[in-house]
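Participant: Turn this into a structure:
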Amino acid sequence: MRLAAYQPDIPQNTGALIRLCASFGVPLELIEPFGFLWDEKKIRVSAMDYFDLVNLTRHSSWQKFQTHFSAQRVVLLSTKASVYYTEFQFRPDDVLLLGRESAGVPDDVHAALPCRVKIPLNPAARSINMAMAGGIVLAEALRQTNGFPS
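Facilitator: I've put the predicted structure just below:
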């Protein structure tokens, strides 16, 4: 299981994803370009002492990420999905992909990923924080696949 973030906009959310992935022992894939300047010192502040515990890979583009994970299933978390994450069968080698905080993923990325899940929300709510969404769906995926750390 892996968690990936498509061109994250907010460094504090990236720090929260680092803490999440470090805590669950799940690798984190970050797809550039970011919506902020990567300053490792500032990211470390947000990630606290978890930065050195995470298996973090930065991909310079969506294309490089796709090439790297061409043999794995990428599951997109999207408010536009028709399947709830609780109704989806996760696999231990899935890559869970989060979109940008400001815009999700572009239409071509959305269309290229047949596996899409959503979190049921109050109809009056647009979405929830990207890092929080990652934690919710990652926890369910790990539960289904017995992937929690021992």
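
Participant: only C-alpha atoms for contact and neighbour calcs from this point on.
Facilitator: Fine.

Participant: so what does the one helix or strand in the chain whose mean pLDDT sits lowest touch, helix or strand wise?
Facilitator: Least confident helix or strand of the chain, by mean pLDDT, DSSP states H and E, is helix 40-47 with a mean of 87. Packing partners of helix 40-47 (3 or more C-alpha pairs under 8 Å, 6 or more residues apart in numbering; DSSP states H and E): helix 11-24.

Participant: so what strands line up beside the helix or strand that the helix it packs on is followed by?
Facilitator: Heading C-terminal from helix 11-24, the first helix or strand you meet, by DSSP states H and E, is strand 28-31. Counting by DSSP bridges, the strands paired with strand 28-31 are strand 2-6 (parallel), strand 56-59 (parallel).

Participant: still on that earlier bit, who touches the least confident helix or strand of the chain?
Facilitator: By C-alpha atoms under 8 Å, 6 or more residues apart in numbering, the surrounding residues in contact with helix 40-47 are 11-12, 14-16, 18-19, 50-51.

Participant: one more time with 7 Å, if that's ok
Facilitator: 11-12, 15-16, 18-19, 51 (C-alpha atoms under 7 Å, 6 or more residues apart in numbering).

Participant: mind listing the helices for the protein?
Facilitator: For the chain, the helices defined by DSSP state H cover 11-24, 40-47, 62-68, 107-112, 130-144.

Participant: Would you tell me which one of these is buried the most?
Facilitator: helix 11-24 (a mean of 21; mean count of other C-alpha atoms under 10 Å).
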